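Trainee: Sequence plus the predicted model coming up.
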Amino acid sequence: MTPEQVVAASKPLVLELGEAFSRCPSTLRRARLLGISGWAFYITGRAGALGDVRAETVAATLGFIAPEAVADGWDASARTVPPLEVAAANLAECCRWGAARLGDAPGVSRLAGLLGRAFDAADGSAMPLFAAWRAMPMPVPDPSAGARAAVGLLLLREHFAGAYLLAVRAAGLTPLEAVLAGPEGEAGAAACGWAPPYPPIGPLVRRRIWAEAVTDRLVSPAFHVLGPAAGTELVELLTAARRHARRG
């Protein structure tokens, strides 16, 4: 497989697995232990790696979530817990989920290694959230293979998300327009906190498809380091990991 083919095949797998831990009941319990809502934990858990910044900066970095919804979560959390502490708790939950749900997945140690090579080789230019997460220290000194795989998935998910935001803006789309032109349409926009009325999506779909292709090109250098054989193996291991996680 070429790097571009690896990106196209792995993207839906990485996006699903890279955020699966955030929907786990144990992760939501961690939010309650910190004294914040699940939404505040989600926003600050993702963006807290940036440190103590303003909500406007977080909204610009996340992109696809409405600024008002970002501010609601970020400001509510900041009144109770420092952002980096929430990010560290989020990372710990990611590791916990990975150890529990991926620890006995087929080839998980190899998967963790391939993911690590990919995110180490990724270019973080103009992707501050990915760069911030890549610089976050692991919460345990010697994490298991399942935990390392889950962290690798989180990092690559943020790399994909950052690349897609760049591509959307280059396509002349706003983040809201990109969400509306996506598979979930207005329901996706509402879930991301955008309030109607919404612009018509007809003229936007072709631009979104172009942005998807540009996203693949922006991410593909991270997979060049693997080569064709290891790239194919990565896709196979990701497919097996998703099957294993869903079964669990």
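Mentor: Thanks, I have the structure now. The structure displayed is predicted, hence computed values, not measured ones.
Trainee: Toward the C-terminus, what is the element adjacent to the longest helix along the chain?
Mentor: In the chain, taking DSSP state H as the definition, the longest helix is helix 145-170. Going down the chain from helix 145-170, the next helix or strand is helix 175-180, by DSSP states H and E.
Trainee: what does whatever helix or strand comes next after that next one rub up against?
Mentor: The helix or strand immediately downstream of helix 175-180 is helix 185-191, counting by DSSP H and E. With contact meaning CB atoms under 8 Å, 6 or more residues apart in numbering, helix 185-191 is reached by Leu176, Val179, Leu180, Gly182, Glu184, Pro196, Tyr198, Ile201. Glycine gets a C-beta too; all of them are placed from N, C-alpha and C.
Trainee: Output the residues you listed in JSON lines; the columns should cover pLDDT and neighbour count.
Mentor: Formatted as JSON lines, the contacts of helix 185-191 follow (pLDDT from 0 to 100; neighbours: other CB atoms under 10 Å):
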{"residue": "Leu176", "pLDDT": "97", "neighbour count": "19"}
{"residue": "Val179", "pLDDT": "96", "neighbour count": "29"}
{"residue": "Leu180", "pLDDT": "95", "neighbour count": "23"}
{"residue": "Gly182", "pLDDT": "93", "neighbour count": "16"}
{"residue": "Glu184", "pLDDT": "94", "neighbour count": "12"}
{"residue": "Pro196", "pLDDT": "94", "neighbour count": "7"}
{"residue": "Tyr198", "pLDDT": "94", "neighbour count": "15"}
{"residue": "Ile201", "pLDDT": "85", "neighbour count": "16"}
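Trainee: In terms of distance to Gly35, which of those ranks first?
Mentor: Val179 (30.6 Å; CB to CB).
Trainee: right, and the closest one touches Phe64 too?
Mentor: Yes. With contact defined as CB atoms under 8 Å, Val179 counts as touching Phe64 (5.7 Å).
Trainee: Just the CA atoms from stretch 66-83 would do, formatted as CSV, please.
Mentor: These are the backbone C-alpha positions of stretch 66-83, laid out as CSV (Å, rounded to 0.1, in the frame of the first residue of the first chain):
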residue,chain,number,x,y,z
ALA,A,66,-19.0,26.0,18.2
PRO,A,67,-17.1,28.7,20.1
GLU,A,68,-19.9,29.2,22.6
ALA,A,69,-20.0,25.5,23.3
VAL,A,70,-16.2,25.4,23.7
ALA,A,71,-16.3,28.4,26.1
ASP,A,72,-19.1,26.7,28.2
GLY,A,73,-16.9,23.6,28.8
TRP,A,74,-13.5,25.3,29.0
ASP,A,75,-14.5,28.1,31.4
ALA,A,76,-16.5,25.9,33.7
SER,A,77,-13.6,23.5,34.0
ALA,A,78,-11.0,26.3,34.5
ARG,A,79,-12.9,27.6,37.5
THR,A,80,-12.3,24.2,39.2
VAL,A,81,-9.2,22.4,37.8
PRO,A,82,-6.1,23.6,35.9
PRO,A,83,-6.3,22.6,32.2
